[in-house]
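Participant: Based on what follows, work out the 3D shape:
(2 chains)
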Number of protein chains: 2
Amino acid sequence: MTIDRQSLRWNGWGKADQENPLPEGAAQWEFIRTALGMRALPSTPAKRFTDVVLPKSRLNADAISRLKEIVGNNQVRDDDYERAFHARGKSYHDLLYVRAGKLEVAPDAVVYPRSIDEVELVMKYCLKNNIALVPYGGGSSVVGGVNAQSGALDRAVITLDMTLMNRVLKIDKKSMTATLQAGIYGPELEKALNEHGVTLSHFPQSFEFSTLGGWIAARGAGQQSNRYGKAEKWLVSAVLVTPKGIWKTESTPASAAGPNLNQLVAGSEGTLGIICEATVKIHEVPEEKDYRGYLFKDFASGVKAVRAINHADIPVAMVRLSDAPETYFFQAASGGSGSGLKAKLQSLYLKAKGLTAPCLMLVGLEGDKESVAYARTRTAAIAERYGATAIGTGAGKKWYQGRFHSPHMRDPMMDHGLGIDTLETSTTWANMLTLHEKVTKAIDEAISANTPEPGERGIVMAHVSHSYPDGASLYFTFLIPRKLDDEVGQWLAIKRAASDAILAGGGTISHHHGVGTDHAPWLAEEKGPQGYRLLKTLKAECDPDGILNPGKLLT
Amino acid sequence: MTIDRQSLRWNGWGKADQENPLPEGAAQWEFIRTALGMRALPSTPAKRFTDVVLPKSRLNADAISRLKEIVGNNQVRDDDYERAFHARGKSYHDLLYVRAGKLEVAPDAVVYPRSIDEVELVMKYCLKNNIALVPYGGGSSVVGGVNAQSGALDRAVITLDMTLMNRVLKIDKKSMTATLQAGIYGPELEKALNEHGVTLSHFPQSFEFSTLGGWIAARGAGQQSNRYGKAEKWLVSAVLVTPKGIWKTESTPASAAGPNLNQLVAGSEGTLGIICEATVKIHEVPEEKDYRGYLFKDFASGVKAVRAINHADIPVAMVRLSDAPETYFFQAASGGSGSGLKAKLQSLYLKAKGLTAPCLMLVGLEGDKESVAYARTRTAAIAERYGATAIGTGAGKKWYQGRFHSPHMRDPMMDHGLGIDTLETSTTWANMLTLHEKVTKAIDEAISANTPEPGERGIVMAHVSHSYPDGASLYFTFLIPRKLDDEVGQWLAIKRAASDAILAGGGTISHHHGVGTDHAPWLAEEKGPQGYRLLKTLKAECDPDGILNPGKLLT
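Facilitator: Alright, predicted model coming up:
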């Protein structure tokens, strides 16, 4: 394995032995407790692995032997750790189950193929024996996309862990494309490309523990999507194994030869085939990176600036605008030693400028020196036009250093009776402020209706992080006192309220997390009856027996 | 009708009463005759309309009355002119038939719907009576995309002329999108948008006589696609009428809610449904436009420059690089009064610079002043890096003025025993020079094997006109002495040779013309067996009776 599963947390984020970013006594705890109106933060550790009981495997010894014949002894695992590790993804919803040791859903075996041939043979075996097949890369889905469900039928489930298929097959520096196996992890991929002076620069927050295939399957977005594009933009072509045979998609830079079928692969979430290889657009490693901050007096002014930057053809890599609660929360929660005085001085300065509840915009520029210099001048001018105060590169550098950090904070928070989840959408510029307000309100009200104790409350905050000429994404984070006697019910109530508000308010059910199981109930409404039927038709054609990732995307 | 069909040529390009751009005695005739090695240019006028006999309509009086009840008397036409006008598109292949008066393929009636409701009612009528339905906008297809074929079955064909559905429904200047009915012609669309200070800027060569719906259906590209995108890029969402009901696609700026089904609409060529409305990305009318020329010593150097411009994030609207034959041909053929001396002086200057067979690159910049100034400096620097000679704005202005002109030259050429056709592909940068050479050679050899007289020859020339980070389009034009006793056979031989060379050489069968009937034999190979089967599955699901545009896209 490229990252040994034993070295990773089976029920949380990151390495098993990593340092706790929020140790007991950290300044943040008191801030959070007060902000949530909690009397105390309870101790709510996860169940120990040794105390977890897994369901009996539905695969007998013959089946395991047959699979071992196909891929080799070491590539078939049915021990408890592997089964538990691959049971679910990394959503807050998932963690509620795995931390409580509730593993009714778990694969009966985990298979690690090393080639397209092996994927085909395993799939044939599953087809013959009516076994469900769940593709798994980094397992970082936050929407239930890799959960080892068997679907409507009660049958065995094999999780196909793709991470041994992690080779770079070709780098074409003239055409700036690379062909890679889909199971390659983010850091491995960048390391291999960087050695040739090139980069994909797809940096989702999950970057450290997610894979190329997963990014494509879920139509993911990296933090610098303005320059590098969402997965569906950088995907040039793919090779999938489907129950009907190998599907190699078309691969020219642009075409009018019928619809672009690569766009069916992006977002297919393992339901049409297993993505084994992909050709992607790459870039030269940027000569320069420049990340800097601007403070706006309110969210509306910031939104105008982000929109104007998008409409002026300026080559930006990232524009990230936090609303007032998020700006405040991260400023306050970052706490830590030494920064107290600086923060106070800054706060006095901002008050003098009339910024009582400022909104932070971070602009990230990447490229050659001339491009970065041009974009810096122009974005600064636009920010100024909408009344921003430039605050230099400090906040940008800090954000950049900690850009994969947030998921690591969740486990300690969950150890202290807290719940934290994120959800995201996109909508048009015309609808941006309205949807931001509606979804914030829906989440806020659902939290209030579901707090464990009177007087407790949640924190709801949001940012725009991926922007387009016609609109942008909205990414919401909420932090809550966990209702320990009904954790899943509390989450479901909030999730339903947010999702209903998003659909009713003209947003998409997901901008880059995907659909999985958690968003599946809203997909039919978003696609409409004709579109949804077409997706089901494609599914039935590719996978008539329904063995591929059952219960995901389509209900 | 928005453009009265009687005012247009039924068997050629443009208005019936337009001035002949190549009158008898024009300097170009002698140049062309010599270039093609012809002893004389024969007179080969098209058959007069009054001499053309159309097949008897397969729709009886009852059917026509019923259709008139649905859409109104004036919206159903079955006179000879309307049937002849809508019989075929505007390919060279089509013109060989219509100019010869061979109209075996013609619609039995033409219906002009004015609303989605009317489209639905007409479709229901066709479904009930097993009548094929061919959508038609400007009718400018050059691949047989609007030909009034009945398919494998012998049945009546109704052409649905969409040009009365030409209203602008909504302009959202915050989100920079517009929603329009699909039958709107290019000039009408731009006029309506320009009144609000905005533009779609989709300017294909066919712009004057093509419609929004056709651009989407065929995945078309405007000449300034580097800035404004191909149709699949500017399409936000669409409303189609399908035999299964109304299909309104999803419409958020970006999403991870399953595959993007708008990408099935783009390139569907009327086979899945009739595109009735579309929401598209618009832009502010550019503050500045700057078109200027650079001469390279060879095509390879120019290709390097176009590639470098694409890799440097420079906001260009168009980069167009002609190979040496095209540069020479357009310079020579533009001829005309007054330019002789200038051309000679220029030629002496170029020889002094060592440019014996130069390649012209035109760079078009559009946007705000700062963006244009920045892009001008950077593109000039890149051109210089690859050895180009800057020749100022003259060639750019001339090209811009005549940018819709080429199709108007075809009719007079066809009146003089000549044949002229274009075809296009795209491929990666790594494969660009090889494919350019292979396709040129294939066309050249097929022409030589099919000339009417010994000693005659063709002209084959090409340009890159749409470029991307990973590659670019290649657009070929060939001019031939027409084999008057086997016009179609001659064309087919050349077309087959070119298409085979494109597919074998790693190109797409079409970059922006679409598939229609002419490219359909090559589509299965390009999409591969799995992809092609998925397209057929989608077709069968949307249109199980196969009434929609039969014989197009899929065979």
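Participant: Could I get the full set of helices for the stretch 151-300 of chain A?
Facilitator: Assigned by DSSP state H, counting those that start in this stretch, the helices in the stretch 151-300 of chain A fall at A:186-194, A:212-217, A:225-228, A:231-234, A:262-265, A:299-311.
Participant: Now render those helices as a markdown table, adding mean neighbour count.
Facilitator: All C-beta atoms are positioned from the backbone trio N, CA, C, and that covers glycine. Below are the helices of the stretch 151-300 of chain A laid out as a markdown table (neighbours: other Cβ atoms under 10 Å in any protein chain shown):
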| stretch | mean neighbour count |
| --- | --- |
| helix A:186-194 | 18 |
| helix A:212-217 | 31 |
| helix A:225-228 | 24 |
| helix A:231-234 | 22 |
| helix A:262-265 | 24 |
| helix A:299-311 | 21 |
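Participant: quick one: which of those is nearest chain B?
Facilitator: Nearest to chain B, of all the helices of the stretch 151-300 of chain A, is helix A:262-265, at 3.6 Å by Cβ to the nearest Cβ.
Participant: Show me what the closest one is packed up against.
Facilitator: With contacts defined as 3 or more Cβ pairs under 8 Å, 6 or more residues apart in numbering or on different chains; DSSP states H and E, helix A:262-265 has these neighbours: strand A:235-242, helix B:262-265.
Participant: do the first one and chain B meet at all?
Facilitator: Yes - using Cβ under 8 Å from any Cβ of the partner chain, strand A:235-242 comes into contact with chain B via A:236, A:240, A:242.
Participant: which other residues reach that strand?
Facilitator: Contacts with strand A:235-242, where a contact means Cβ atoms under 8 Å, 6 or more residues apart in numbering or on different chains, come from A:116, A:119-120, A:123, A:177, A:182, A:216, A:246-251, A:253, A:262, A:265-266, A:272-281, A:542-543, A:548, B:470, B:530.
Participant: strand partners of it, parallel vs antiparallel please.
Facilitator: Using DSSP bridges, strand A:235-242 pairs in its sheet with strand A:245-248 (antiparallel), strand A:274-281 (antiparallel).
Participant: buried residues in the last one?
Facilitator: By neighbour count, with 16 or more other Cβ atoms under 10 Å in any protein chain shown as the criterion, the buried positions of strand A:274-281 are A:274-281.
Participant: Could you give the separation of that strand from the chain centroid?
Facilitator: Here the centre of strand A:274-281 is set off from its chain's centre by 19 Å, with Cα atoms, centre = their mean, to the nearest Å.
Participant: Ok, the first one next?
Facilitator: Taking the mean C-alpha point of strand A:245-248 and that of its whole chain, the gap between them comes to 27 Å (Cα atoms, centre = their mean).
Participant: for A:Leu365, helix, strand, or coil?
Facilitator: At A:Leu365 the chain is in strand, as set by DSSP: H, G, I helix; E, B strand; the rest coil.
Participant: for A:Arg155, what are its contacts?
Facilitator: By Cβ under 8 Å, 6+ apart, the residues touching A:Arg155 are A:58, A:130-132.
Participant: and those residues, which are buried?
Facilitator: Buried among these by 16+ other Cβ under 10 Å: A:131-132.
Participant: if we can go back for a sec, nearest to B:Glu456, out of the buried residues of strand A:274-281: which one, please.
Facilitator: The nearest member of the buried residues of strand A:274-281 to B:Glu456, counting by Cβ to Cβ, is A:Thr279 at 43.7 Å.
Participant: any idea how far the closest one lies from A:Leu193?
Facilitator: Distance, A:Thr279 to A:Leu193, by Cβ to Cβ, to the nearest Å: 13 Å.
Participant: quick one: A:Val460 is in a helix?
Facilitator: No - read with three-state DSSP, A:Val460 is strand and lies in no helix.
Participant: partners of it in the sheet?
Facilitator: Per DSSP bridges, the residues bridged to A:Val460 are A:Phe478.
Participant: Could you do A:Val363 as well?
Facilitator: Assigned bridge partners for A:Val363, using DSSP bridges, are A:Arg292, A:Val319.
Participant: Show the model's pLDDT score for it.
Facilitator: pLDDT for A:Val363: 98.
Participant: and for A:Thr279 and A:Leu193, which residues touch both?
Facilitator: When contacts are counted by Cβ under 8 Å, 6+ apart, A:Thr279 and A:Leu193 have A:Ala178 as shared neighbours.
Participant: any idea what sits nearest the residue in the stretch 351-500 of chain A positioned nearest to chain B, other than its immediate chain neighbours?
Facilitator: Per Cβ to the nearest Cβ, A:Gly471 is where the stretch 351-500 of chain A lies closest to chain B, at 3.4 Å. In this structure, A:Gly471 finds its nearest non-sequential neighbour in B:Pro253, 3.4 Å apart by Cβ to Cβ, 6 or more residues apart in numbering or on different chains.
Participant: who does the helix or strand hosting A:Thr422 pair up with?
Facilitator: Using DSSP states H and E, A:Thr422 maps to strand A:418-428. Strand A:418-428 has the following sheet partners, assigned by DSSP bridges: strand A:471-481 (antiparallel).
Participant: If we go by neighbour counts, what in the following helix or strand past the partner strand is buried?
Facilitator: Using DSSP H and E, the helix or strand that follows strand A:471-481 in sequence is helix A:487-504. Under the neighbour-count criterion of 16+ other Cβ under 10 Å, helix A:487-504 has A:487, A:490-491, A:493-495, A:497-503 buried.
Participant: Packing partners of helix A:487-504?
Facilitator: helix A:92-99, strand A:418-428, helix A:432-448, strand A:471-481, helix A:520-542.
Participant: Nearest to B:Tyr228, out of those?
Facilitator: When the helices and strands packed on helix A:487-504 are compared by Cβ to Cβ, strand A:471-481 sits nearest B:Tyr228, at 17.7 Å.
Participant: Report the inter-axis angle for that closest one versus helix A:487-504.
Facilitator: 160 degrees (axes from the mean of the first three to the mean of the last three Cα atoms, to 10 degrees).
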